[in-house]
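In: Dropping a prediction and its sequence here:
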Amino acid sequence: MSYLLPHLNNGWEVDQAILDEEEKLVIIRFGHDWDPQCMQMDEILYKSAEKIKKFAVVYLVDITKVPDFNTMYELYDPVTVMFFYRNKHMMIDLGTGNNNKINWAMNDKQEFIDIVEIIYRGARKGKGLVVAPKDYSTKYKY
Amino acid sequence: MIDKDFMQDLEEEEEQQIIEVKQQIEDEPTCSLLKDNKFLLHYQRVLEVSAYQIQDETIDASHEEYHLILRSNEYSTIIDQEILNIHKQLKDVYHKKFPELEKIIINPIEYVKIVRLIRNAIDLQSIDFSSLLSGQQVVAVNIAAKQSLVGQLSEEDISLVDQLCHKIETLDNYNQKIICYIESRMKYIAPNVSALIGTQLASKLMAAAGGIEKLANMPAGNIQVMGSVKKNMLGMSRAMHNRNTGYFGTLEIVQKASGKLQNQIVRMLATNVAKAARVDNMKTCPKGNVGEDLRIKMMKRYQKIQEPPPAKLEKPLPIPDENKKRRRGGKRFRKQKERLAMTEVRKYANRLKFGLEAEDEIKDTGIGLGMLSQGIGKVKLHIKKDKPIGLSKKLQQRLAQTKTQSGGGTGGLTSSIAFTPTQGIELINPEPGYLSKVPDQYFNRESGFRTVLRKEREFGRQY
């Protein structure tokens, strides 16, 4: 599915993508196309991209091709999804402890759409941090 | 070729006589068409003309064969009726021998054939029905025979049966020939209908209807079911039995179609045939163009029906938070808002006068009397409505009633039970107008049997 979503090939493109979008939420997945977790996340992204295209846009970034953001955003996980609205990074309280990103592969399209909607609503109101509808703290099954 | 004068002479006579013949058949069931001279003459003529090909393009009133065709149509219906009559007689006679047969085999022609085979036999095992009947029917006949094939018919009965069978067979023969003739001429009688469904089916329809005029006057729904065979299903499952397709069921298009599609195509055909028949009746299009057009349109529509439905569109979700809450007005919403509105009392209870402390307060909650105990400045807080807000009209009315009854001052201290000196406790119905009507009782003096009352009045109280 990653071949169906647009890729950003260098840092300038990533910056432009985040700056240009004034009305929609910008969703960027950092990872590798060949990684299985990325593939799963890409599938969810693709399926929901059609539905949320009125208020969100999805981009894919390969972190070996574009290493500029690795230290800035601490991209050390196989897959990382981050949200930006009008050049501002949006934080989400997922219960995992890390509010900046989603760093695991989701498996439910509807869950993802719910999260995106909540972020969009919060972003429109000017909030910097939104609370996700579902708690992912037990994601790690110890 | 036939003499034109000869034809013209008989035209007027024939019309009269056809009506007579019809009348006769209706009045006397045993009258036979076979003895009728006019009919036999007509039949001879039909046989002769069948050999010839028509050279003109159309047949209209001036053509030689026009009336012949019309008469043939009428005779065809008369023959059908005759056959039915004779069949009824045959059934009555053969009923003594094999009563169940008439229920299994409904078609008169088939019935006659079977009767010919069985005649007076007691045992059916030696007779082979498979050439005439379907497997189901053979089984049904054999089983029914075991149960109901009673003794023998008398000599007279047998000869009567033979006669009737013979009559039906010859009538059927004539009918077939006449139908053949009509079919060959169908293109000229009803060009549009023939262009639409073919000459064979068109002639069948016209024969069944009894003429092009009658066919034109039929509603399309009737045309659709014309010719539906009355099959007897004798304990067979009706699950796979399609709804009556009638004459239209013989068409190739209809047979190829499946299920719901079959019904649709038959319906389309029937409506178009109705249209074409009307055009033919009025003779406005002798070449059959209308029929052709209808056929083309119908096939186009039929193609369109068979297409799959358009693919499902997945709509993207609307932008969240875009819908502004439209506040609605009106009495209903005003009432709803009233229930939750801030009242004067609560407003003042929430406030405090400047400089004074709150005196009474529920422990630490801050809920207290506020201004109400500190003095408002007004003598009385204005309560806007005395109607209780949360109640429906009915409840309000009931409340109002109880208020007016007790009359305010009594409160809950009096009851509606009144003590009268004569009867003790008397319950008064609070509804007004209770005692004004004479009560409608069963055993009222005034009510009773009308006839008895009348007699009472006449003869005094003797009853």
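Out: It's in. Numbers count the residues shown, from 1 in each chain, chains lettered A, B, ... in the order given.
In: Residue B:403: neighbour count?
Out: Residue B:403 has 10 neighbours, counted by other Cβ atoms under 10 Å in any protein chain shown. The way it works is simple: take the backbone N, C-alpha and C, and place the C-beta from them, glycine included.
In: Roughly how far does it sit from residue B:335?
Out: Residue B:403 sits 22 Å away from residue B:335, going by Cβ to Cβ, to the nearest Å.
In: how about the closest residue to chain A within the stretch 201-350 of chain B, secondary structure?
Out: Residue of the stretch 201-350 of chain B nearest chain A, by Cβ to the nearest Cβ: residue B:319 (4.5 Å). Under DSSP: H, G, I helix; E, B strand; the rest coil, residue B:319 falls in the coil class.
In: Quick check: the gap between the residue of the stretch 51-200 of chain B found nearest chain A and residue B:305.
Out: Of all residues in the stretch 51-200 of chain B, residue B:196 sits closest to chain A, at 48.7 Å by Cβ to the nearest Cβ. When distance is defined by Cβ to Cβ, residue B:196 is 18 Å away from residue B:305.
In: between the two, which one's more packed in?
Out: For residue B:196 versus residue B:305, the count of surrounding residues by other Cβ under 10 Å is larger for residue B:196: 24 against 13.
In: Am I right that the more buried one falls within a strand?
Out: No - using three-state DSSP, the assignment for residue B:196 is helix, not a strand.
In: didn't it look like it was pressed against residue B:289?
Out: No - using Cβ atoms under 8 Å, residue B:196 is not in contact with residue B:289, being 11.3 Å away.
In: So what touches stretch A:32-48?
Out: Stretch A:32-48 is contacted by residues A:1-2, A:4-5, A:27, A:29, A:31, A:58, A:60, A:62-64, A:78-79, A:81, A:104-109, A:112-113, A:116 when judged by Cβ atoms under 8 Å, 6 or more residues apart in numbering or on different chains.
In: Filter those residues down to the buried ones.
Out: A:1-2, A:5, A:27, A:29, A:31, A:58, A:60, A:62-63, A:78-79, A:81, A:104-106, A:112-113, A:116 (16 or more other Cβ atoms under 10 Å in any protein chain shown).
In: ok, and of the residues you listed, which contact chain B?
Out: With Cβ under 8 Å from any Cβ of the partner chain as the criterion, those include residue A:113 near chain B.
In: Take the buried ones among the contacts of stretch A:32-48 and keep only those in helices.
Out: Of these, the ones assigned to helices by DSSP state H are A:112, A:113, A:116.
In: what's the closest of the residues you listed to residue A:95?
Out: Top of the list for closeness to residue A:95, among these and by Cβ to Cβ, is residue A:112 at 15.7 Å.
In: What spatial separation is found between the closest one and residue A:70?
Out: Separation of residue A:112 from residue A:70 (Cβ to Cβ) stands at 24 Å.
In: try residue B:213
Out: The gap separating residue B:213 from residue A:70 is 92 Å, by Cβ to Cβ.
In: Enumerate residues external to the helix or strand harbouring residue B:113 that contact any of its residues.
Out: Secondary structure assignment for residue B:113, by DSSP states H and E: helix B:108-118. Here helix B:108-118 makes contact (Cβ under 8 Å, 6+ apart) with B:83-84, B:86-87, B:90-91, B:94, B:98, B:101-102, B:105, B:124, B:127, B:129, B:132-133, B:141, B:161, B:165, B:168-169, B:172.
In: In ChimeraX, select just the buried ones from these.
Out: The command below creates a ChimeraX selection of those among those that count as buried (16+ other Cβ under 10 Å):
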select /B:83,86,87,90,91,94,98,101,102,105,124,129,133,141,161,165,168,172
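In: which one is residue A:102 nearest to, not counting chain neighbours?
Out: Leaving aside its sequence neighbours, residue A:102 sits nearest to residue A:81 (Cβ to Cβ, 6 or more residues apart in numbering or on different chains; 4.3 Å).
In: what are the bridge partners for the residue nearest the centre of chain A, then?
Out: Residue closest to the mean C-alpha point of chain A, counted by Cα atoms, centre = their mean, is residue A:81 at 2.9 Å. Beta-bridge partners recorded for residue A:81 (DSSP bridges): residue A:29, residue A:102.
In: and the residue of chain A found nearest chain B, what does it touch?
Out: Chain A approaches chain B most closely through residue A:55 (4.5 Å), counting by Cβ to the nearest Cβ. By Cβ under 8 Å, 6+ apart, the contact set of residue A:55 is A:23, A:24, A:25, A:116, A:117, A:120, B:317, B:319, B:320.
In: helices or strands up against the top helix by length along chain B?
Out: Looking across chain B with DSSP H, the single longest helix is helix B:155-189. Applying 3 or more Cβ pairs under 8 Å, 6 or more residues apart in numbering or on different chains; DSSP states H and E, one finds that helix B:155-189 contacts helix B:37-50, helix B:64-94, helix B:108-118, helix B:199-209.
In: follow-up on the earlier one: contacting residues for the residue nearest to residue A:102?
Out: By Cβ under 8 Å, 6+ apart, the contact set of residue A:81 is A:27, A:28, A:29, A:30, A:41, A:45, A:101, A:102, A:103.
In: any idea which of the residues you listed is closest to residue B:276?
Out: Closest approach to residue B:276 among these (Cβ to Cβ): residue A:45, at 60.8 Å.
In: what's the pLDDT at that closest one?
Out: Residue A:45 is assigned 96 on the pLDDT scale.
In: tell me which element it falls in.
Out: Following DSSP H and E, one finds residue A:45 within helix A:36-52.
In: buried residues in that helix?
Out: Buried residues in helix A:36-52, counted by 16+ other Cβ under 10 Å: A:38-46, A:48-49, A:51-52.
In: would you list the residues you listed in a markdown table and tack on distance to residue B:178?
Out: A markdown table is the format used below for those (distance: Cβ to Cβ, whole Å):
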| residue | distance to residue B:178 |
| --- | --- |
| A:38 | 84 |
| A:39 | 80 |
| A:40 | 80 |
| A:41 | 82 |
| A:42 | 79 |
| A:43 | 75 |
| A:44 | 77 |
| A:45 | 79 |
| A:46 | 74 |
| A:48 | 75 |
| A:49 | 75 |
| A:51 | 71 |
| A:52 | 76 |
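In: OK, contacts around residue A:78?
Out: Listed by Cβ under 8 Å, 6+ apart, the contact partners of residue A:78 are A:31, A:32, A:35, A:37, A:38.
In: which bits of chain A sit near chain B?
Out: Counting by Cβ under 8 Å from any Cβ, the residues of chain A close to chain B are A:50, A:51, A:52, A:53, A:54, A:55, A:113, A:117, A:120, A:121, A:124.
In: Was I right to think the last one contacts residue B:321?
Out: Yes - with the criterion set as Cβ under 8 Å, residue A:124 and residue B:321 qualify as a contacting pair; they are 5.8 Å apart.
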